[in-house]
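Novice: turn this into a structure:
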Amino acid sequence: PDAAKQQHIDLYRKHFTKTLLVIVDDLIGPQLQAAHTPLTDYALEHGITLRDDSILVQRPPRSWYHAELAQPFWPRLPVIVEHGHYGESQKAKAWDGDLLLKSVEEYHASYMSIHGWPHEYLEAIRPTIDAINRRLGYRLQLREATWPQKIQLGVPFTFQTRWANAGVSPCYPGGFVTLTLKDAQGGMVSV
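Specialist: Coordinates of the predicted model:
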């Protein structure tokens, strides 16, 4: 069966060459717990990331099954999590905002999709959403910046920064600081 699933992956790779492809964790079996499987290793080898769409579907301690499977993915690719339908999860007594945040931490999630009416969901669990928003993905924070009070045309100067990532996943595309210099009238001199 994995050969057929690999062929399916290859079909998507052939036709979606500029798209980040995602494999759902349940392809290996919804409750199989493993750090590696041939299918997920194959996906990772070909730049395909992982999604788990069964967070908080079942009661603790079975709130999710595949955080361990996400570990080889998140350092290289954004991992996606999605929780169960909010109302159904509550009825099943599987809903727990602290566990939802914990899933973001354990999966090093870059994205989270929700199941529920957004306004009702936000109103009901605002503190949880706020906490998740402070950790989900990468959160680059400027911790310190120093520069001279005055500079002169044609004379080099030093601009130093210190950054931290307060999120659970790396800044995959990388980046660089852009510095804009303006004259006394507010006009841009250099970027």
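Novice: rest of the way, CA atoms for contacts and neighbours
Specialist: OK.
Novice: what bits of this structure have low per-residue confidence?
Specialist: 1 (pLDDT under 70).
Novice: in it, which residue is most central in space?
Specialist: S110 (0.5 Å; C-alpha atoms, centre = their mean).
Novice: what helix or strand does it sit in?
Specialist: For S110, the host element (DSSP states H and E) is strand 109-113.
Novice: mind saving the C-alpha coords of the helix or strand following that strand as PDB?
Specialist: Moving toward the C-terminus from strand 109-113, the next helix or strand (DSSP H and E) is helix 118-124. Listed next in PDB are the C-alpha coordinates belonging to helix 118-124 (Å, rounded to 0.1, in the frame of the first residue of the first chain):
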ATOM      1  CA  PRO A 118     -14.800  31.900  14.000                       C
ATOM      2  CA  HIS A 119     -16.500  34.700  16.000                       C
ATOM      3  CA  GLU A 120     -18.100  32.200  18.400                       C
ATOM      4  CA  TYR A 121     -14.900  30.300  18.700                       C
ATOM      5  CA  LEU A 122     -12.800  33.500  19.300                       C
ATOM      6  CA  GLU A 123     -15.300  34.800  21.900                       C
ATOM      7  CA  ALA A 124     -15.400  31.500  23.800                       C
END
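Novice: residues of whichever helix or strand comes after helix 118-124 that come out buried?
Specialist: Using DSSP H and E, the next helix or strand after helix 118-124 towards the C-terminus is helix 126-133. Buried positions in helix 126-133, judged by neighbour count with 16 or more other C-alpha atoms under 10 Å: 128-129, 132-133.
Novice: cool, and stretch 65-77?
Specialist: 65-67, 69-74, 77.
Novice: off-centre distance for that stretch?
Specialist: Here stretch 65-77 shows a centroid-to-chain-centroid distance of 11 Å under the convention C-alpha atoms, centre = their mean, to the nearest Å.
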